[in-house]
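A.B. asks: Only the shape, not the letters, is given here:
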């Protein structure tokens, strides 16, 4: 084996050829996908509105809406604007006039508005409600809105500090908002963040707004937000110490967060890496960081906050997996068509598995390794003991990630907006589940039997009910979700 960094001319030519093949194949896949969308009449959703991230001297405020009690009156209202009111200032948040139908919200939640806000104390949230109607079957009976501007007091001493990300929640009493069947006087209350028990919590990283949202998995609502500067992407959780680790890719920092209080307790700088691309922890001591551009794996000492070891591995390493049954690290290498199995202490390569085109996400179950082979639209199933292929299943366009729940394995197909379902014991494809645009990351709530799918093009999380294996709900974030992590 050649020493790290010692590449001869033949190696460079070979890698260049592989890159050209991969690039050409990716363009072909994209053309086929766009063609299939046109011929099949796939409906494209409305693009996400541009988001304004807060700068270092600002806070970020998000506003969400839910019903105070189950919908029954069939009301509809349109909110034109939302603003935060201080003693001598009014700060408008970013939003377009948006309709909200109570019958569509039901037990869920809608995203309303978001925006950067100057630090300071604020006393109220001001809404402008321009239209309202009563929905009866297919008819919309317009209601008069005598007081379109509604000012809702904020509880206690509501303060925003620079660098903070906070959320407020509007609880809409739908029935109480109708007067004499002709007038609409919105009855709303503003609720602050209330964090649930860790066993009922999911984290969603949103790099465009430097925020990690907290989602309750019992009712699938955003319940809080955490500011992480420097583009938060991948996360890992240490159940023993109750620590959440968040990789900030732009600033090359690992944030250590006390999960019980959502308080940042440490910032660990990642040296010798200009673009860290994936984070994994397995015991609370070591943090393993992939650098896709640098073709390297770094091991960080999370207790000391220092770099312990760095090795080169493959071409374009994409995904990192801990395989507990074998006490190994598995790394998929996008251009090498290889999965490397490494010793977690020495980071030496123990063995390699040759796989299909464009290996990306990995999943290990029993004695098999599942590989999302994104360039060949397949999931390869390999025997971990021998490295030999067991079977190969055709799935959707560009499979990216895999998630497991009992005998079910879910695969996100990012270019045809589906999630494929595999029966792991039979190693057979069961069905495809239609989701929103550009699904990538997934996470499973075993307790509530949900599969969460991050739809990067819609700014939502699709919620798949595992008993019916269909989408039953969407969680609106209003910005691109990156990574998902559920605390079981």
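C.D. replies: In hand now; what should we look at? All values derive from a computational prediction rather than experimental measurement.

A.B. asks: ok, longest strand in the chain?
C.D. replies: When the chain is parsed with DSSP state E, its longest strand is strand 120-136.

A.B. asks: for the helix or strand following that strand, the distance to its chain's centre please.
C.D. replies: Heading C-terminal from strand 120-136, the first helix or strand you meet, by DSSP states H and E, is strand 139-142. Strand 139-142 sits 37 Å away from the centroid of its parent chain (C-alpha atoms, centre = their mean, to the nearest Å).

A.B. asks: residues making contact with strand 139-142?
C.D. replies: For strand 139-142, the surrounding residues in contact (C-beta atoms under 8 Å, 6 or more residues apart in numbering) are 76, 131, 132, 133, 134, 135. Where C-beta positions appear, they are placed from N, C-alpha and C, glycine not excepted.

A.B. asks: following the host helix or strand of the first one, which helix or strand comes up?
C.D. replies: For residue 76, the host element (DSSP H and E) is strand 75-85. Stepping forward along the backbone from strand 75-85, the first helix or strand reached (DSSP H and E) is strand 90-92.

A.B. asks: Show residues contacting that following strand.
C.D. replies: Under the criterion C-beta under 8 Å, 6+ apart, residues 81, 82, 83, 84, 85, 115, 117, 118, 126 lie in contact with strand 90-92.

A.B. asks: Now it: buried residues?
C.D. replies: Across strand 90-92, burial judged by 16 or more other C-beta atoms under 10 Å covers residue 91.

A.B. asks: ok, then the element right after the helix or strand of the chain with the lowest mean pLDDT?
C.D. replies: When each helix and strand of the chain is scored by mean pLDDT, DSSP states H and E, helix 9-40 comes last, with a mean of 41. Following helix 9-40 in sequence order, the next helix or strand is strand 59-67 (DSSP H and E).

A.B. asks: which ones are touching the spatially most distant residue from the centre of the chain?
C.D. replies: The outermost residue of the chain relative to its centre, with distances by C-alpha atoms, centre = their mean, is residue 180 at 44.0 Å. Contacts for residue 180 (C-beta under 8 Å, 6+ apart) come out as none.

A.B. asks: What score does it have for pLDDT?
C.D. replies: Note for residue 180: predicted pLDDT of 87.

A.B. asks: same deal with the one 4 residues further on?
C.D. replies: Reading off the per-residue confidence, residue 184 sits at a pLDDT of 96.

A.B. asks: I'd like the distance between the residue nearest to it when sequence neighbours are not counted and residue 80.
C.D. replies: Spatially, and ignoring its direct neighbours in sequence, residue 184 is nearest to residue 132 (3.5 Å; C-beta to C-beta, 6 or more residues apart in numbering). Distance of residue 132 to residue 80, computed by C-beta to C-beta, to the nearest Å: 12 Å.

A.B. asks: what about these two, which has more around it?
C.D. replies: Taking neighbours as other C-beta atoms under 10 Å, residue 132 and residue 80 compare with residue 132 leading, 23 against 15.

A.B. asks: Fine by me, we can end here.
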